[in-house]
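Q: pasting a predicted model and its sequence here:
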Amino acid sequence: MGKSIMVQGTMSNVGKSLITAGLCRIFKQDGYRTAPFKSQNMALNSFITREGLEMGRAQVMQAEAAGIEPSVLMNPILLKPTNDTGSQVIVNGKVLGTMGAREYFVYKKKLIPDILRSYQQLEKQNDVIVIEGAGSPAEINLKQDELVNMGMARMAGAPVLLAGDIDRGGVFAQLAGTLLLLTEEEKKYVKGMIINKFRGDKSILDPGVAMIEEITGIPVVGVTPYMQVDLEEEDSLTERFSRPVKKGPIQIAVIKLPRISNFTDFAVLESMEPVSLSYVSSVGELGEPDMIILPGTKNTMADLKWLREKGLEPAVLRARQRGCLIFGICGGYQMLGELLSDPEQVEEGGNLRGMGLLPVETVFTKEKTRTRVVGTFGTLTGTLAGLSGMELEGYEIHMGTTRSTGENSGRVTELSVQTQAEHMEAGQCQKSDGCHLENVYGTYVHGIFDGEGIAQALTEILAKQKGIVLESAETLDRERYKEKQYDILADTLRRHLDIEKIYEILEKGVEE
């Protein structure tokens, strides 16, 4: 049976996901079969496994760091917020239903057997399980039947490393205050503390480290720097939206919808040297880009209304008229159509006029499409004609179906789809996807830009349309690039964490 160690945080966004990924990489490099685990995740960035099951993107990233295939066992419960008080609840990769916060708070204890089954299967298959917590273990109003922080540590018998974020200030109060609010039984699980996101001269921090160790009686196992690694993030707390925009001749604007999902679709574009990609939420931020992307969203109808309230819809329409490339993915694709219908009240109910840029109509249904796809771009016309026939791979996650209403448009992709066993006989089927008309394109395929050479070709198309010539550059190998980032992460943690002490904590576990 595998041993476990858990990374918890003093609050959200302290770097738990990255530290977990880095430890997964270190254990893998040291020859151990390693897997990540997070019992309950709340995020709008999700992923579809080869079995057609949905899981949180952070555990996919951590599985890649560990060098293994992502499995829904690593994230048995995924919550995808639909509004401020409710979420779609996904259990073992399948939609259980949509619940309000209070309803789920009462219901969640029924999911403990699902969590234990997933964890125990991973435990049998691996030498080490690196568990990630969520938010803070000191949310005293939420401790009843808690199953993702100390509740999970108890179920797994996992020693805990508590991470704090010094970049926001008050890290010593974060650590001491969190421990103060834990029960004596919970405190025995905390075997080490990590001060994360440090910038500056560590010698100035050393007296504080000694004092917090004396106050808490728990060793600080590392002071880790603010890490500049380019790895996929999973939720709206990402710093990707606020970081300075890289200057480049090709301007791409992604509309930052309130419920934006799967913005990992654009990571490959951000990494292209000539591309300046920004996330915008107002007309003033939009400017005159070469390409506008409408991304996925967990609530298409509500976010389309927001787009109109912000004056962004007419701005996108004007951009299309001047020749700007408009590209919609998933919910963004649905918005570009003529009509959104929600007869089953999957989102908000009723009908809503679309932006009218593509001759398609969408009807929302309660059945969720979850599938991996491979294929090619179809025979495209207009701006992206140069992508025709290029090979792609990705996945679909959406509620509802979209049908064409016009004869002058074309399909964007030709796909081979892995069918979902619960709805039909497992196997492969062929289908066309998406719609394009002039300089407007829409598709359901997430990850559509990740295929070999696609981002490079897109950049060159935009440069040619703009009348500029780019310096020749080697095509980015996305997989090799990510592997390098995982190694940089692991190397950084090895330099700044007491790995020997962490192995000691892992070996001893939770001593009574």
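A: Everything's here; your move.
Q: and Thr297, what does it touch?
A: Applying CB atoms under 8 Å, 6 or more residues apart in numbering to Thr297 gives the contacts 257-261, 303, 330-332. The C-beta positions use only the backbone N, C-alpha and C, and glycine is treated the same way.
Q: just among the residues you listed, which is most surrounded?
A: Neighbour counts for these (other CB atoms under 10 Å) peak at Gly331, which has 30 neighbours.
Q: that one is in contact with Thr300, isn't it?
A: Yes - when contacts are counted by CB atoms under 8 Å, Gly331 is listed as touching Thr300 (4.1 Å).
Q: so of the contacts of Thr297, which ones are in helices?
A: Using DSSP state H, the subset of the contacts of Thr297 located in helices is 303, 331-332.
Q: ok so, going back, farthest pair in the contacts of Thr297?
A: Greatest spatial distance among the contacts of Thr297 (CB to CB): Pro258 and Cys330, at 15.4 Å.
Q: please parse the protein into its domains.
A: 3-231+483-508, 250-466 (automatic domain parsing).
Q: mean pLDDT lowest where, among the ones you listed?
A: Lowest mean pLDDT of the domains of the chain: domain 250-466, a mean of 91.
Q: could you check how far it is from the centre of its chain?
A: 17 Å (CA atoms, centre = their mean, to the nearest Å).
Q: can you check stretch 49-67 too?
A: Relative to the chain's own centre, stretch 49-67 is displaced by 10 Å; criterion: CA atoms, centre = their mean.
Q: now do the end-to-end distance for it.
A: Using CA to CA, to the nearest Å, the end-to-end distance of stretch 49-67 comes out at 15 Å.
Q: tell me the buried residues in it?
A: Buried residues in stretch 49-67, counted by 16 or more other CB atoms under 10 Å: 49, 52-66.
Q: same thing with stretch 212-224?
A: 212, 216, 218, 220-224.
Q: how many other residues sit next to the residue nearest to Pro343 when sequence neighbours are not counted?
A: Closest residue in space to Pro343, ignoring its immediate chain neighbours: Val363 at 7.1 Å, by CB to CB, 6 or more residues apart in numbering. For Val363, the count of nearby residues is 17 (other CB under 10 Å).
Q: now do Pro343
A: There are 11 residues near Pro343, going by other CB under 10 Å.
Q: what's the spacing between it and Met355?
A: Shown here: Pro343 relative to Met355, a distance of 21 Å by CB to CB, to the nearest Å.
Q: for Gly97, same thing?
A: Separation of Gly97 from Met355 (CB to CB): 30 Å.
Q: compare these two (neighbour count), which wins?
A: Higher neighbour count among Gly97 and Met355: Met355, with 23 against 13, using other CB under 10 Å.
Q: what secondary structure does the more buried one sit in?
A: coil (DSSP: H, G, I helix; E, B strand; the rest coil).
Q: residue boundaries of the strands in the stretch 101-250 of the chain?
A: Using DSSP state E, counting those that start in this stretch, the strands found in the stretch 101-250 of the chain span residues 128-132, 160-165, 190-198, 220-225, 250-255.
Q: okay if I get these as a markdown table plus distance to Cys435?
A: Formatted as a markdown table, those follow (distance: least, CB to CB, whole Å):
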| stretch | distance to Cys435 |
| --- | --- |
| strand 128-132 | 39 |
| strand 160-165 | 44 |
| strand 190-198 | 43 |
| strand 220-225 | 46 |
| strand 250-255 | 19 |
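Q: which of those sits closest to Leu147?
A: Closest to Leu147 of the strands of the stretch 101-250 of the chain is strand 128-132 (CB to CB; 11.8 Å).
Q: Ser276 reaches Ile252, doesn't it?
A: Yes - the pair Ser276 and Ile252 passes the contact test of CB under 8 Å, sitting 7.1 Å apart.
Q: compare those two (neighbour count), which wins?
A: Between Ser276 and Ile252, counted using other CB under 10 Å, the more crowded position is Ile252 (23 against 17).
Q: tell me the bridge partners for Asp165.
A: Asn196 (DSSP bridges).
Q: ok, back up a step: for the strands of the stretch 101-250 of the chain, which one sits closest to Thr381?
A: Nearest to Thr381 among the strands of the stretch 101-250 of the chain is strand 250-255; the distance by CB to CB comes to 21.3 Å.
Q: partners of that closest one in the sheet?
A: Strand 250-255 has its sheet partners listed here by DSSP bridges as strand 275-280 (parallel), strand 291-294 (parallel).
Q: restrict that strand to CA atoms and write it as PDB.
A: Coordinates of each C-alpha in strand 250-255 appear next as PDB, following Å, rounded to 0.1, in the frame of the first residue of the first chain:
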ATOM      1  CA  ILE A 250       0.300  39.800 -33.000                       C
ATOM      2  CA  GLN A 251      -2.500  41.000 -30.700                       C
ATOM      3  CA  ILE A 252      -5.000  38.400 -29.400                       C
ATOM      4  CA  ALA A 253      -7.800  39.300 -27.000                       C
ATOM      5  CA  VAL A 254      -9.700  36.700 -24.900                       C
ATOM      6  CA  ILE A 255     -13.000  37.900 -23.500                       C
END
